[in-house]
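Chemist: Here is a sequence with its predicted model. Questions after.
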Amino acid sequence: MATAKHLAGSLVGASLAACVNIVPGLLSVYRWEGEIQQDQEALLLIKTTEERLAQVFAQIEQEHPYDLPEVIAQPISAGLDSYLQWVRTCTTS
């Protein structure tokens, strides 16, 4: 949880994200270096713009303790216009 809070604060503080939701208590089951692993993890839902994605990815890679953190992007097909504008405003440097 400490890593999740650090990343969330770092991304919002750098105006790379307007908001980060932290969903704790996830159990991840995955294969790593030929072995099946299980770990408790937190999911971060990072609200940003397409223009900021590369910077968000780079910052997470730099600050996350995992060798290969899961970082994927979901395109938003629709949303409340005022909310999407708020995200754009918050992530404009």
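Modeler: Sure thing, it's come through.
Chemist: where does this structure have low pLDDT?
Modeler: In the prediction, the chain carries no residues with pLDDT under 70.
Chemist: Going along the chain, name the helices of it.
Modeler: 2-13, 53-63, 81-90 (DSSP state H).
Chemist: Identify all contacting residues around the last one.
Modeler: Under the contact criterion Cβ atoms under 8 Å, 6 or more residues apart in numbering, helix 81-90 has outside partners Ser15, Ala17, Ala18, Cys19, Lys47, Thr48, Thr49, Ile76. For glycine as for every other residue, the C-beta is placed from the backbone atoms N, C-alpha and C.
Chemist: Check the second one too.
Modeler: Under the contact criterion Cβ under 8 Å, 6+ apart, helix 53-63 has outside partners His6, Leu7, Ser10, Leu11, Ala14, Leu16, Ala17, Ile46, Thr48, Pro69, Val71, Ala73.
Chemist: Adding neighbour count, write these out as TSV.
Modeler: Below are the contacts of helix 53-63 laid out as TSV (neighbours: other Cβ atoms under 10 Å):
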residue	neighbour count
His6	13
Leu7	22
Ser10	16
Leu11	25
Ala14	14
Leu16	24
Ala17	26
Ile46	20
Thr48	22
Pro69	15
Val71	16
Ala73	11
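Chemist: and the two most separated of the residues you listed?
Modeler: His6 and Ala73 (20.7 Å; Cβ to Cβ).
Chemist: which residue packs closest to Val12, ignoring adjacent ones?
Modeler: Excluding the flanking residues, the one nearest Val12 by Cβ to Cβ, 6 or more residues apart in numbering is Val20, at 6.1 Å.
Chemist: Spit out the contact partners of the one you found.
Modeler: Leu7, Ala8, Leu11, Val12, Leu44, Leu45, Ile46, Lys47.
Chemist: Okay then, goodbye and thanks.
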